[in-house]
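Novice: okay, predicted coordinates and the sequence, questions at the end:
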Amino acid sequence: MNLWLRVLHLIIASFVRPKLNPVRDVSRLTFRVWPHDLDTSLHMNNGRYWTLMDLGRTDIMIRSGLWRPILKHGWVPVVAAGQIRFRRELKPFRAFTMETRILTWSDSHVVMEHRLVSRNKDGSPILNAIALVRAGLYDRKERRFVPMERLLGEIGVQAETPVAAPEVEAFLMAEETLKSAA
């Protein structure tokens, strides 16, 4: 199934999947590695990981109801930074689950974690890759990122900003360092 079919499947399936609270819930999507996902080493291409992670973020936007204000206001999802750690390869036809969750947020961006997990023959989990992504919704009319308080308000969620774990702090610090290097 190519990416567009995966997107279509995601949208259709979201009508029957339970609503998701983006502050506390984890999106879980199942996939299989198909031949068009492979690189010349015959395992999943590193770029495909990033593409599938877009679907994890999309699942959260759809199932939380955030898609309504996104369409209403013309907001655009934008990834500002990302870091990935590949741990085990995903070979052809291997089934895996992608877990996506919000870890913390600032005034205008969230930090999300994506975990790609497959299973050993005995059923024990294998962490294939883990990534951190900093993203936000950009308001083209106002030429700025939408404040988190407004985003949460649009979907009726109230929450305090979770404390960032040390690895998230390090990721954000590295991102700031790269910003100043440009």
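Specialist: Sure, I can see it.
Novice: residues contacting the closest residue to Ala80 other than its chain neighbours?
Specialist: With sequence-adjacent residues excluded and distances taken as Cβ to Cβ, 6 or more residues apart in numbering, Ala80 is closest to Arg134, at 4.7 Å. Heads up, the C-betas are built off the backbone N, CA and C, glycines and all. By Cβ atoms under 8 Å, 6 or more residues apart in numbering, the residues touching Arg134 are 79-82, 109-111, 171-172, 175.
Novice: same thing but at 10 Å, please
Specialist: 78-83, 105-106, 109-112, 168, 171-172, 175 (Cβ atoms under 10 Å, 6 or more residues apart in numbering).
Novice: quick check on it: phi, psi?
Specialist: Note on Arg134: backbone dihedrals following degrees, to the nearest 10 are phi -110, psi 120.
Novice: so what sits opposite it in the bridge?
Specialist: The partner list for Arg134 in beta bridges (DSSP bridges) reads Ala81, Val111.
Novice: mind listing what's buried in stretch 125-142?
Specialist: For stretch 125-142, a neighbour-count test (16 or more other Cβ atoms under 10 Å) marks 128-139 as buried.
Novice: ok, longest helix in the chain?
Specialist: In the chain, with assignment by DSSP state H, the single longest helix is helix 46-64.
Novice: that one: what's the following helix or strand?
Specialist: As assigned by DSSP states H and E, the chain's next helix or strand after helix 46-64 is helix 67-73.
Novice: identify the residues contacting that following helix?
Specialist: 11, 14, 58, 60-62, 75-77, 137, 139-142, 146, 150-151, 153-155.
Novice: if you set the cut-off to 7 Å instead, what comes out?
Specialist: When contacts are defined by Cβ atoms under 7 Å, 6 or more residues apart in numbering, helix 67-73 is touched by residues 61, 137, 139, 154.
Novice: contact partners for Val76?
Specialist: By Cβ under 7 Å, 6+ apart, the residues touching Val76 are 137-138, 140.
Novice: mean pLDDT per helix and strand in this structure: which one sits at the bottom?
Specialist: In the chain, the helix or strand scored least confidently by mean pLDDT, DSSP states H and E is helix 3-14, which has a mean of 89.
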